[in-house]
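> everything below, folded, please.
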Amino acid sequence: MRIGMVCPYSFDVPGGVQAHVLQLAEVMRARGHTVSVLAPASPHVTLPDYVVSAGRAVPIPYNGSVARLQFSPAVHGRVRRWLAEGDFDVLHLHEPNAPSLSMWALRIAEGPIVATFHTSTTRSLTLNLFQGVLRPWHEKIVGRIAVSDLARRWQMEALGSDAVEIPNGVDVASFSTAPLLEGYPRPGKTVLFLGRYDESRKGMAVLLEALPRLVERFADLEVLILGRGDESQLRSQAGDLAGHLRFLGQADDAEKASALRSADVYCAPNLGGESFGIVLVEAMAAGTAVVASNLDAFRRVLADGEAGLLVDVGDSAALADGLITMLADDELRQRYITAATAAVQRYDWSVVASQILRVYETVARAGAKVEVAG
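Numbering: from 1, shown residues only. Purely as a prediction, here's the structure:
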């Protein structure tokens, strides 16, 4: 099968959707399918040979964050040429509501089109302003996938269409067998925070508020911080406790897996804006205990608290209690890890890719090719 995939977010910086697209492409290629991915990317970015750059992206506020998207009219011709040359049996668009490449491709293409909805935001300015224009385009989508129940419910309410729920995938083996970071395990306790820590919705401020109690209980505590942000500003905010922070910077997938394996607990103090929780799944695959905010998306991934400890959103005291409980009780921590190891198997790419392939086969059954409209 010839599969075309469109990622709306730039490959200049790592992100959940970008990783999902690349990993899905790799799995499909390993199964003998031909895959081409179209995505924004700057000239200096090294891309796999099956990824076609649609040019530079620009920062645009989207879904409570700032995403690097490509919505210039100049991209119309690039998308059109890629579609015309691809001879695709299936076109798989990711986040077709984002003002970027997927929306352009949906406008231009006809035929067996699959779309995956990764987010559950109701704050999309694009949807609010252009819903009348977008609706006919959405009617061209033959197979709809939502990565979570939240994303599926949002699609039903906002777009009036249903979708099959297929979660994000993870290569469980690559996380469970990742080497530890140099110097680990260390004598003291280690908590890992992963994400853009200067984005308020990621909850770093809540973790900083909990830090004094954590250090009081565990004097040798270390907080590993993996992701982008202003390190000097965060150290200043931590004050006298800044010495307990260790910054790893922005890391690739291998380094992320090693960091997760090296931590005693992965902490996700997010405040909202999450429709799935892929890093929780990665932590579960790595065999690391999870303490996370009690968000709908996280609760679903953690099996209503059976595979990880859930705490009240935005409550630093509750977060401190949860982390102290998990760090202090080795037996309890192992029970959570055992439950998570069983629960995470449904997210392995061997399972997820097969579910997505069934959608491809269903929409391509008539034998029609993806074509450029009009």
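
> what's the domain layout of this structure?
2-169+349-372, 172-346 (automatic domain parsing).

> ranges for the helices of this structure?
Here the chain has its helices, by DSSP state H, at 16-30, 75-86, 101-108, 125-138, 149-159, 172-176, 204-217, 231-238, 253-262, 278-286, 296-301, 316-328, 330-343, 349-363.

> list the buried residues for stretch 327-343?
L327, R333, Y336, I337, A339, A340, T341, A343 (16 or more other CB atoms under 10 Å). Where you see a C-beta, it was placed from the backbone N, CA and C, and this is true even at glycine.

> now stretch 312-328
Quick answer for stretch 312-328 (16+ other CB under 10 Å): 313-316, 318-324, 326-327.

> ditto for stretch 299-312
R299, R300, V301, L302, A307, G308, L309, L310, V311.

> can you give me the distance of the third one to D348?
Spelled out, it's V301. Distance, V301 to D348, by CB to CB, to the nearest Å: 14 Å.

> same check, this time on the fourth one
Shown here: L302 relative to D348, a distance of 17 Å by CB to CB.

> swap in A242?
A242 sits 39 Å away from D348, going by CB to CB.

> cool, L332 as well?
26 Å.

> how about Y336?
Applying CB to CB, the value for Y336 to D348 is 19 Å.

> what are the buried residues along stretch 259-269?
Residues of stretch 259-269 classed as buried: A259, L260, R261, S262, A263, D264, V265, Y266, C267, A268, P269 (neighbour count, 16+ other CB under 10 Å).

> and the two most separated of these?
Of all pairs drawn from the buried residues of stretch 259-269, the greatest distance, 20.7 Å, lies between R261 and P269 (CB to CB).

> where does the prediction get shaky in this protein?
For the chain, the stretches with pLDDT under 70 are 57-71, 120-135, 154-160, 374.

> same thing but 80
By pLDDT under 80, the weakly predicted segments of the chain are 14, 57-74, 99, 119-137, 150-162, 366, 374.

> any chance of the buried residues of stretch 259-269 in CSV, plus distance to G143?
Output for the buried residues of stretch 259-269, formatted as CSV (distance: CB to CB, whole Å):
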residue, distance to G143
A259, 36
L260, 32
R261, 36
S262, 40
A263, 38
D264, 42
V265, 39
Y266, 33
C267, 36
A268, 31
P269, 36
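
> which one of these is nearest to G4?
L260 (32.2 Å).

> quick check: closest non-adjacent residue to that closest one.
A286 (3.9 Å; CB to CB, 6 or more residues apart in numbering).

> what sits against the closest residue to P185 other than its chain neighbours?
Excluding the flanking residues, the one nearest P185 by CB to CB, 6+ apart is S262, at 7.1 Å. Contacts here follow CB atoms under 8 Å, 6 or more residues apart in numbering; on that basis S262 touches L180, L181, Y184, P185, T190, L192, L224.

> rerun at 10 Å
178-186, 190, 192, 224, 286, 288 (CB atoms under 10 Å, 6 or more residues apart in numbering).

> are any of those buried, and if so which?
Looks like the contacts of S262 have A178, L181, Y184, T190, L192, L224, A286, T288 buried, using 16+ other CB under 10 Å.

> returning to what we had before: pull up the overlap in contacts between V301 and D348.
V281.

> follow-up on the earlier one: what's the closest of the buried residues of stretch 327-343 to A151?
Within those, the smallest distance to A151 is 19.4 Å, found for A343 (CB to CB).

> okay, F88 and Y360: tell me how far apart.
Distance from F88 to Y360, by CB to CB: 11 Å.

> between these two, tell me which one has more neighbours.
Set F88 next to Y360 and count neighbours by other CB atoms under 10 Å: F88 wins out with 25 against 19.

> now do the same contact list for that one.
1-5, 34-36, 82, 109, 111-113, 364, 369-371.

> which members of the residues you listed are positioned in strands?
Within the contacts of F88, residues falling in strands by DSSP state E are R2, I3, G4, M5, T34, V35, S36, A109, I113, E371.

> can I have the buried ones of these as a ChimeraX selection?
One line in ChimeraX is enough to select the buried members of the ones in strands among the contacts of F88, burial here meaning 16+ other CB under 10 Å:
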select :2,3,4,5,35,36,109,113,371
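
> save the ones in strands among the contacts of F88 as CSV, and put in distance to L101 too.
Output for those, formatted as CSV (distance: CB to CB, whole Å):
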residue, distance to L101
R2, 19
I3, 16
G4, 11
M5, 10
T34, 20
V35, 16
S36, 13
A109, 11
I113, 14
E371, 18
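
> can you name the two of the ones in strands among the contacts of F88 that sit furthest apart?
V35 and E371 (18.7 Å).

> could I have stretch 230-250 exported to CSV, CA atoms only?
Coordinates of the C-alpha atoms in stretch 230-250 are reproduced here as CSV (Å, rounded to 0.1, in the frame of the first residue of the first chain):
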residue,chain,number,x,y,z
ASP,A,230,14.6,29.3,30.6
GLU,A,231,17.0,27.5,32.9
SER,A,232,18.3,30.6,34.7
GLN,A,233,14.8,31.8,35.4
LEU,A,234,13.7,28.5,36.8
ARG,A,235,16.8,28.3,39.0
SER,A,236,16.0,31.8,40.3
GLN,A,237,12.4,30.7,41.0
ALA,A,238,13.6,27.7,42.9
GLY,A,239,15.8,29.9,45.2
ASP,A,240,17.9,28.0,47.7
LEU,A,241,16.5,24.7,46.4
ALA,A,242,17.9,25.2,42.9
GLY,A,243,20.8,22.8,43.7
HIS,A,244,18.2,20.0,43.7
LEU,A,245,17.4,20.6,40.0
ARG,A,246,19.4,19.0,37.2
PHE,A,247,18.7,20.2,33.7
LEU,A,248,19.1,17.7,30.8
GLY,A,249,18.0,20.1,28.1
GLN,A,250,16.1,19.0,25.0
